[in-house]
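K.L.:
next come a sequence and a model predicted from it.
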Amino acid sequence: MKKITFKRALIIGPRGIGRAHIRQYIINKIKRIAVLGKKFNKNRIIDLKVPAKKNLNLINIKNYKEIEKFNPQIVSICSPHYTHLSNLKKISFLNSRYIVEKPFFWVKNVNENYIINHTKYLFNKYKNRLIVNLPMTSIANQLKKKLIIKEEIKKIDFNYFTDGAHRYNEIAIDLLPHAISFVLSMQNNFLYNFKIKSVKSFKFSWRCKITINNVLCNFFFKQGQKLEQSHLSFNLNNKKYLRIQEKINNNEFKNYLLINSKKIFINNPMSESLNNSIKSLQNLVVNKSNYYLVQAIMKLTFKLLNYNK
């Protein structure tokens, strides 16, 4: 397969994060966009403040037979994580290219080999045609480019509070991909070694202490706090970095990092991550680091969730 210009896109799960995918497809001048979801609201999509949406042909698809007829060139899977694996299998007949939202997939009551082997199988099956969206890699890469970190990083604290509806270990399944991809992107994307020190799961929060490639990491997540915006902060060797989002309109935010009262502009990590994924899939030059990151995320998530069992 050679480089193509995407003209037809499909979003499975258009609510929530799916709207960010729709917005990025519109920005990339994809005029025919189909959506498959239980609660499709066309008015919310039309409300997206995107200049390029002129002449947009938005199609509501009701079943997988209609997907075959639509024949999308690129597909975003933004449905709940427990449906990712089944959705990938149901549309395996397509010759499309795929962006899958984090976490890649999750299945309860299976062993570690099942998780790792299915991850490897899917990346091999859709070779160069599949990317898992990990926006925290964008923040890590921008941080490395914009700031000179002279000393070796020995400790990372990663705190992420969102208004998600997950509880107990489901919070970790949802947010560990952000923390792990950030830590490994600050290094070299490979997982060499790790050691779990503690894991604590509560109804509305989850935390762990773990060394990753000999870097001490403290992860602390909260959900269900009814926040207007998510709250992300991290410490590198005890130096605090806070992400600030300034609302432009209902759909757009300017992003900054606040470091010792100094505000540094960064590109929107979600938009940049999705845009890079679209460009990579157009050219079939999917970076292998995405696979290594996803493999590490799946492995560490399994180990952490089963640590106290």
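P.N.:
Perfect, I can see it now.
K.L.:
for Ile59, grab phi and psi.
P.N.:
The phi and psi values for Ile59, taken as degrees, to the nearest 10, are phi -120, psi 130.
K.L.:
which residues are in contact with it?
P.N.:
Contact partners of Ile59, counting by Cβ atoms under 8 Å, 6 or more residues apart in numbering, are Arg32, Ile33, Ala34, Val35, Phe70. In short, each C-beta sits where N, CA and C put it, glycine included.
K.L.:
pull the most distant pair out of those residues.
P.N.:
Maximum pairwise distance in the contacts of Ile59, criterion Cβ to Cβ, is 11.4 Å, between Arg32 and Val35.
K.L.:
among the contacts of Ile59, which ones are in strands?
P.N.:
Members of those lying in strands (criterion: DSSP state E): Arg32, Ile33, Ala34, Val35.
K.L.:
can you count the residues close to the closest residue to the last one other than its chain neighbours?
P.N.:
I take that to be Val35. With Cβ to Cβ, 6 or more residues apart in numbering as the criterion, Val35 has its nearest non-adjacent residue at 4.1 Å, and that residue is Pro14. Pro14 has 28 neighbouring residues, counting by other Cβ atoms under 10 Å.
K.L.:
can you check Lys203 too?
P.N.:
Neighbourhood size, Lys203 [other Cβ under 10 Å]: 10.
K.L.:
now Val100
P.N.:
Applying other Cβ under 10 Å, we find 26 residues neighbouring Val100.
K.L.:
show me where the stretch 51-200 of the chain has its helices.
P.N.:
In the stretch 51-200 of the chain, the segments counted as helices under DSSP state H, counting those that start in this stretch are 64-70, 84-90, 112-125, 136-146, 169-185.
K.L.:
export these to JSON lines and tack on mean neighbour count and distance to Lys240?
P.N.:
JSON lines is the format used below for the helices of the stretch 51-200 of the chain (neighbours: other Cβ atoms under 10 Å; distance: least, Cβ to Cβ, whole Å):
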{"stretch": "helix 64-70", "mean neighbour count": "13", "distance to Lys240": "46"}
{"stretch": "helix 84-90", "mean neighbour count": "17", "distance to Lys240": "34"}
{"stretch": "helix 112-125", "mean neighbour count": "14", "distance to Lys240": "34"}
{"stretch": "helix 136-146", "mean neighbour count": "19", "distance to Lys240": "13"}
{"stretch": "helix 169-185", "mean neighbour count": "24", "distance to Lys240": "15"}
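K.L.:
a markdown table for those helices, including distance to Phe253 and mean pLDDT?
P.N.:
Formatted as a markdown table, the helices of the stretch 51-200 of the chain follow (distance: least, Cβ to Cβ, whole Å; pLDDT from 0 to 100):
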| stretch | distance to Phe253 | mean pLDDT |
| --- | --- | --- |
| helix 64-70 | 31 | 91 |
| helix 84-90 | 26 | 92 |
| helix 112-125 | 32 | 94 |
| helix 136-146 | 14 | 92 |
| helix 169-185 | 17 | 97 |
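K.L.:
want to throw those into CSV with distance to Ser96?
P.N.:
Shown next, in CSV, are these (distance: least, Cβ to Cβ, whole Å):
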stretch, distance to Ser96
helix 64-70, 9
helix 84-90, 11
helix 112-125, 13
helix 136-146, 23
helix 169-185, 23
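K.L.:
of the contacts of Ile59, which is the nearest to Thr83?
P.N.:
Of the contacts of Ile59, the one sitting nearest to Thr83 (Cβ to Cβ) turns out to be Val35, at 15.0 Å.
K.L.:
related to what we said a few turns ago, okay, Arg32 and Val35: which has more neighbours?
P.N.:
Val35 (25 against 18).
K.L.:
by mean pLDDT, flag the weakest helix or strand of this structure.
P.N.:
Lowest on mean pLDDT, DSSP states H and E among the helices and strands of the chain sits helix 42-46, with a mean of 54.
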